[in-house]
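> Predicted model and sequence follow; I will ask about them next.
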Number of protein chains: 2
Amino acid sequence: MLSERRLEVLRAIVQDYVGTEEPVGSKALTERHNLGVSPATVRNDMAVLEEEGFIAQPHTSAGRIPTDKGYRLFVDKLAGVKPLSPPERRAIQNFLDGAVDLDDVVGRTVRLLAQLTRQVAVVQYPSLTRSTVRHVELLSLAPARLMLVLITDTGRVEQRMVDCPAPFGETSVADLRARLNSQVAGRRFADVPQLVQDLPESFDPEDRGTVSTVLSTLLETLVEETEERLVIGGTANLTRFGHDFPLTIRPVLEALEEQVVLLKLLGEATDPAMTVRIGHENAHEGLNSTSVVAVGYGSGDEAVAKLGVVGPTRMDYPGTMGAVRAVARYVGQILAES
Amino acid sequence: MLSERRLEVLRAIVQDYVGTEEPVGSKALTERHNLGVSPATVRNDMAVLEEEGFIAQPHTSAGRIPTDKGYRLFVDKLAGVKPLSPPERRAIQNFLDGAVDLDDVVGRTVRLLAQLTRQVAVVQYPSLTRSTVRHVELLSLAPARLMLVLITDTGRVEQRMVDCPAPFGETSVADLRARLNSQVAGRRFADVPQLVQDLPESFDPEDRGTVSTVLSTLLETLVEETEERLVIGGTANLTRFGHDFPLTIRPVLEALEEQVVLLKLLGEATDPAMTVRIGHENAHEGLNSTSVVAVGYGSGDEAVAKLGVVGPTRMDYPGTMGAVRAVARYVGQILAES
DNA sequence: GATTGGCACTCGGACACGGCGAGTGCCAGC
DNA sequence: GCTGGCACTCGCCGTGTCCGAGTGCCAATC
């Protein structure tokens, strides 16, 4: 096990490197932190830390920089979550309070998070499966054409066209709408499949085909759109990445454009408190030099979706984690109110 | 006026520079294009072109590169719109045909355009004011709470919560819904304000307040969301911008994150055929080294929104214009079918 | 008069050299 | 176990040099 002081040295290295973006040497370390020991001692400690794989030298005769493993230890053991300052909190609240609908909430959140952390922000729309149904609406657009609209308790709305196998009268539409709502309104999306499975049988034979079509469209919507939508912002912050730009930034931008990748990324963030994935811990190789800080948010006690930021492994973890957590909480409140 | 050959020299310079991304000299020009004259003559022509402001030298003793004015002349007089190859056309059609709803159409379009042009693509959602109303739905969520849903002929759906000043009975809701639809269904959004203005008077006094509230929410939605939504993709292509990255790419990314800027950008594209804005012709200074190629698209003969790409001034104009035009046409078709 | 070949000149980019200094590892002494 | 000292390494930066692409100008040619 590493001694207390060695951990302290690692913490100092991480902090300095995050601040200066330059490899940090033993002398500079002792000057900027009062470790109570001489550079020579620090050098010995550094040699051990390097041996253990927590830090590395870019080249001989250069200072040390933390490795992914070093950051991991830092995040797990050495750093807390830095709470935001009261003005920051007020700013968040003010900024989010002005939102008029769900799109607006999500849009504002992503901008806020990007600004606060100066990194790339990712916000997932509230998931359908973990939401509850507020209302199902069925509109007859043409004799054999319906529109299905789903409204969730988080304010999310999904719509789908349904082409019916047979004309479907206005009264049948009203009937189906009423029965559907009495079955599923107020229930969780995840429970919907069971709740509606017996519905077709209670209709006239001639209408059963259409009812089944509507139901399968409904279920399809739940599956397809389950986790699908997310929004990203603050990509301009990528330009602060490093000096060696093009090579670093390219794969990151590409990864961020792939919704699938992002969804997987957030999907991997399973820790209910907060998940931090550092460098190579991310499966996608374009993101091997980035870290992801993500957390779930929700209107109640349960998470309905996730949000987070993507930034260089060399990031201010305590500050970023604080901002992400705070934003998630406020968004949860806003959703609960609406 | 410039002689025929000088125009030819300019065209050659633009083509070579776009291809190689390097200043082009007189000797290389004569080697790659059979202009039928010697380098010396080309040099004279270049001197004239520079005099007139169509080309410039980055430094003395370097080759020439086109100026914004040079590109302008190239686009206006020297270049056509390059039609896409049949395989490309087929690819577009296949790719867009799989779309299930409007979000999907727009999402696919933006990816397609980015891929095809290898630049940043911007697609605006069909505007409300230029669409027609397919249906207005009114749902009673609570005694004094309604949800208003607007559906357009382009498949776009907008929803808003309405808090009523007084409880509003189910029959009143049905009544208002029916009257609203008979008034506005099938009409253009732009005409809605007039069409509904007398509506409150035909209701019981006790309901008038609510009716007015609903109507004002409706009108508000039209105004607020009019042109608002757009989607952007292919930012990873920015990395192909130039060697001097950080400085160039930063302001562009920042500009692209501002919806307002983008909307203004597309708003300036007024030419019904196709608008090309080159370098400093763009008002936003972050985009001074980019060109924007934009065109309207629509389900019928009239444009309901715009789409386009943003790329370096040094872009393949004929190819880009061809791709943008082709995509706009196909999207128009898709919208007309749905 | 336009075009051409020739020529001197300019200047940026690539490369080699050398000094500087930060940082290291090791060791002997406390 | 900590410390100061010391020799060593090596990347960075500034300088100097060379090379060549490209230019402008001019006199000769068609």
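That came through, no problem.
> okay, CA-based contacts and neighbour counts for the rest of this
OK.
> can I assume residue A:16 sits in a helix?
Yes. Residue A:16: assigned to a helix according to DSSP: H, G, I helix; E, B strand; the rest coil.
> That one against residue A:24, yeah?
Yes. In this structure residue A:16 lies within contact range of residue A:24 using Cα atoms under 8 Å: 6.9 Å.
> Around chain B, pick out the residues from chain A.
A:101, A:135, A:141, A:157, A:159-160, A:233-236, A:239, A:245-246, A:249-251, A:253-254, A:257 (Cα under 8 Å from any Cα of the partner chain).
> Generate a PyMOL selection restricted to the buried subset of those residues.
This is the PyMOL syntax for the buried subset of these, where burial follows 16 or more other Cα atoms under 10 Å in any protein chain shown:
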select buried, chain A and resi 101+135+157+159+160+233+234+235+236+239+245+246+249+250+251+253+254+257
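> Could you list which of the residues of chain A next to chain B belong to strands?
A:135, A:141, A:157, A:159, A:160, A:233 (DSSP state E).
> what's the most distant pair in those residues?
Using Cα to Cα, these span at most 36.8 Å, a distance reached by A:141 and A:233.
> quick one, helices of the stretch 201-338 of chain A?
Along the stretch 201-338 of chain A, the segments classed as helices by DSSP state H, counting those that start in this stretch run A:205-224, A:245-257, A:259-267, A:317-337.
> Now do the third one, average pLDDT.
I take that to be helix A:259-267. Helix A:259-267 carries an average pLDDT of 89.
> Also the last one?
Helix A:317-337 carries an average pLDDT of 92.
> For that helix, which outside residues touch it?
A:75, A:79-84, A:89, A:92-93, A:96-97, A:105, A:109, A:113, A:116-117, A:154, A:274, A:293-300, A:307-309 (Cα atoms under 8 Å, 6 or more residues apart in numbering or on different chains).
> Strands - which of these land there?
Per DSSP E, the contacts of helix A:317-337 map to strands at A:293, A:294, A:295, A:296, A:297, A:307, A:308, A:309.
> could you pull out the helices for the stretch 51-200 of chain A?
Under DSSP H, counting those that start in this stretch, the stretch 51-200 of chain A gives helices at A:68-73, A:86-97, A:102-117, A:170-184, A:192-196.
> related to what we said a few turns ago, the contacts of helix A:317-337, buried ones only, as a PyMOL selection?
To isolate the buried members of the contacts of helix A:317-337 in PyMOL, using 16+ other Cα under 10 Å:
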select buried, chain A and resi 75+83+84+89+92+93+96+105+109+113+116+117+154+293+294+295+296+297+298+299+307+308+309
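> Residue B:206 is nearest to which of the helices of the stretch 51-200 of chain A?
Distance to residue B:206, taken as Cα to Cα, is lowest for helix A:170-184 among the helices of the stretch 51-200 of chain A, at 27.4 Å.
> C-alpha coordinates for stretch A:68-79, CSV please?
Output of stretch A:68-79 as CSV, limited to C-alpha atoms (Å, rounded to 0.1, in the frame of the first residue of the first chain):
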residue,chain,number,x,y,z
ASP,A,68,-5.5,6.7,-16.3
LYS,A,69,-4.8,4.5,-13.3
GLY,A,70,-3.5,7.6,-11.4
TYR,A,71,-6.7,9.6,-12.2
ARG,A,72,-8.8,6.6,-11.1
LEU,A,73,-7.1,6.5,-7.7
PHE,A,74,-7.4,10.3,-7.4
VAL,A,75,-11.1,10.2,-8.1
ASP,A,76,-11.8,7.2,-5.9
LYS,A,77,-9.7,8.1,-2.9
LEU,A,78,-8.2,11.5,-3.0
ALA,A,79,-10.8,13.9,-4.3
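> tell me the mean pLDDT for it?
On average, stretch A:68-79 scores 94.
> buried stuff in it?
So stretch A:68-79, judged by 16+ other Cα under 10 Å, has buried residues A:68, A:69, A:70, A:71, A:72, A:73, A:74, A:75.
> Neighbours of the residue of chain A found nearest DNA strand D, how many?
Going by Cα to the nearest atom of the strand, DNA strand D is nearest to residue A:37 of chain A, at 3.4 Å. When neighbours are counted by other Cα atoms under 10 Å in any protein chain shown, residue A:37 registers 10.
> which residues does it contact?
Counted by Cα under 8 Å, 6+ apart, residue A:37 has contacts residue A:30.
> sorry, back to before: near DNA strand D, from the contacts of helix A:317-337?
On the criterion Cα under 7 Å from any atom of the strand, none of the entries of the contacts of helix A:317-337 sits beside DNA strand D.
> Report the closest residue of the stretch 1-150 of chain A relative to chain B.
Among the residues of the stretch 1-150 of chain A, residue A:101 lies closest to chain B, at 7.3 Å counting by Cα to the nearest Cα.
> who in the stretch 1-150 of chain A is up against DNA strand D?
Residues of the stretch 1-150 of chain A lying close to DNA strand D (Cα under 7 Å from any atom of the strand) are A:36, A:37, A:38, A:39, A:40, A:41, A:44, A:59, A:60, A:61, A:62.
> Those: which two are farthest apart?
A:36 and A:59 (27.7 Å).
> Columns distance to DNA strand D on top of the helices of the stretch 201-338 of chain A, output as JSON lines?
Compiled in JSON lines, the helices of the stretch 201-338 of chain A are given as follows (distance: least, Cα to the nearest atom of the strand, whole Å):
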{"stretch": "helix A:205-224", "distance to DNA strand D": "49"}
{"stretch": "helix A:245-257", "distance to DNA strand D": "15"}
{"stretch": "helix A:259-267", "distance to DNA strand D": "33"}
{"stretch": "helix A:317-337", "distance to DNA strand D": "26"}
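> Spell out which parts of chain A neighbour DNA strand C.
A:23-28, A:40, A:43-44, A:46-47, A:60-64.
> What residues sit buried inside stretch A:31-44?
Going by 16+ other Cα under 10 Å, stretch A:31-44 has these buried residues: A:39, A:42.
> Please apply the same query to stretch A:266-281.
A:266, A:269, A:275, A:276, A:277, A:278, A:279, A:280, A:281.
> Tabulate those residues in a markdown table, adding columns for distance to residue A:188.
Compiled in a markdown table, these are given as follows (distance: Cα to Cα, whole Å):
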| residue | distance to residue A:188 |
| --- | --- |
| A:266 | 22 |
| A:269 | 23 |
| A:275 | 26 |
| A:276 | 29 |
| A:277 | 31 |
| A:278 | 34 |
| A:279 | 36 |
| A:280 | 37 |
| A:281 | 34 |
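> Which member of the residues of chain A next to DNA strand C is positioned nearest residue B:174?
Of the residues of chain A next to DNA strand C, the one sitting nearest to residue B:174 (Cα to Cα) turns out to be residue A:23, at 70.1 Å.
> ok so, going back, can you say which of the helices of the stretch 51-200 of chain A is nearest to residue B:195?
Nearest to residue B:195, of all those, is helix A:170-184, at 25.8 Å by Cα to Cα.
> Give me the residue ranges of the stretch 101-250 of chain A where confidence is low.
Applying pLDDT under 70 to the stretch 101-250 of chain A flags residues A:224-228, A:242-247.
> Hmm, residue A:114 and residue A:233 touching each other?
Yes. Residue A:233 is in contact with residue A:114 according to Cα under 8 Å; the separation is 6.4 Å.
> Residues in contact with both of the two, list them for me.
Joint contacts of residue A:233 and residue A:114 (Cα under 8 Å, 6+ apart) are A:120, A:121.
> List phi and psi for residue A:36.
The phi and psi torsions at residue A:36 (degrees, to the nearest 10) take the values phi 80, psi 10.
> Might you report the residue contacts of it?
Contacts of residue A:36 by Cα under 8 Å, 6+ apart are residue A:30.
> now swap in the one 3 residues further on and tell me
Contacts were defined as Cα under 8 Å, 6+ apart; by that measure residue A:39 touches A:26, A:27, A:29, A:30.
> What number of residues are in the vicinity of the first one?
The local packing count at residue A:26 equals 20, with neighbours defined by other Cα under 10 Å.
> ok, it - contacts?
Contacts of residue A:26 by Cα under 8 Å, 6+ apart are A:39, A:40, A:42, A:43, A:63.
> Recalculate using a threshold of 6 Å.
By Cα atoms under 6 Å, 6 or more residues apart in numbering or on different chains, the residues touching residue A:26 are A:39, A:42, A:43.
> now residue A:275: how far from residue B:239?
Distance from residue A:275 to residue B:239, counting by Cα to Cα, to the nearest Å: 30 Å.
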